[in-house]
Structures are given as C-alpha cells and as structure tokens.
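K.L.:
Provided below are the primary sequence and the corresponding predicted coordinates.
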Amino acid sequence: PGGSLRRRQAVGVERLREALWQGEEAVEALNEESGGLVKPDIVFFGEQLPERFGRLVPADFDACDLLLVMGTSLQVQPFASLVD
C-alpha cells in the first residue's frame, strides 16, 4: 500500500472492468502499474454518511433557494425524509 497521489495514475473504467473480470492477479497488477487504486469521493449504498452530513443539513437547507435531487428514488433514508 504506500505511494502517494502524485505517483498514482488515472485508470479508465474499461481497463478496471477488464482487470476485475480477469481476477485478483489482474487487479493487483493494475494496482502496481497505476501506483495504487483510489476510491472515488462518493458514498456507496450501505456505507455510512460522513458525520458532517447530519450536522450541516439544517444550515444548508436554510441557505438553499433550489434543491435538485438526482440519482435517488427518495425511498432510502436519510434522503427520503429530507424534503417534506
């Protein structure tokens, strides 16, 4: 695991998908070649939201003139209860 972000290289989704289909050895080789894989700065389904999300919701809503919600059915908490 070591390395730095300066040494890491972007990997196209097709290269990553190909390595995933080929198995663990291919993913490890891609990891070595690119300097390490980095998780995107997003929250995946089932992951905990950052602590600051709950803390900032009231202030963010008070300051908001327009809210666009994309990529959710608004059936999953906590987003389902954000807008009444």
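P.N.:
Alright, I've got the coordinates.
K.L.:
check contacts around Glu33.
P.N.:
For Glu33, the contacting residues are Gln9, taking Cβ atoms under 8 Å, 6 or more residues apart in numbering as the criterion. Glycine gets a C-beta too; all of them are placed from N, C-alpha and C.
K.L.:
Can you name the helix or strand that it falls in?
P.N.:
helix 24-34 (DSSP states H and E).
K.L.:
List of residues touching the following helix or strand past that helix?
P.N.:
Toward the C-terminus, helix 24-34 is succeeded by helix 51-63 as the next helix or strand (DSSP H and E). Here helix 51-63 makes contact (Cβ under 8 Å, 6+ apart) with Leu67, Pro78, Leu82.
K.L.:
ranking these by neighbours, who comes first?
P.N.:
Top of those by neighbour number is Leu82, holding 14 neighbours under the definition other Cβ atoms under 10 Å.
K.L.:
what's the distance between the residue lying closest to that residue once chain neighbours are set aside and Glu32?
P.N.:
Beyond its immediate neighbours in the sequence, the residue positioned closest to Leu82 (Cβ to Cβ, 6 or more residues apart in numbering) is Val57, lying 7.0 Å away. Taking Cβ to Cβ, to the nearest Å as the measure, Val57 and Glu32 are separated by 41 Å.
K.L.:
And the pLDDT for Ala29?
P.N.:
In the prediction, the pLDDT value recorded for Ala29 is 91.
K.L.:
which residues does the closest residue to it other than its chain neighbours contact?
P.N.:
Nearest in space to Ala29, with sequence neighbours left out and distances taken as Cβ to Cβ, 6+ apart, is Ala19 at 7.3 Å. The contact partners of Ala19, by Cβ under 8 Å, 6+ apart, come to Ala26, Val27, Ala29, Leu30.
K.L.:
Can I get those residues in CSV including distance to Gln9?
P.N.:
Putting those into CSV (distance: Cβ to Cβ, whole Å) gives the following:
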residue, distance to Gln9
Ala26, 16
Val27, 15
Ala29, 14
Leu30, 10
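K.L.:
of all those, which comes closest to Gly12?
P.N.:
Nearest to Gly12 among these, counting by Cβ to Cβ, is Leu30 at 10.6 Å.
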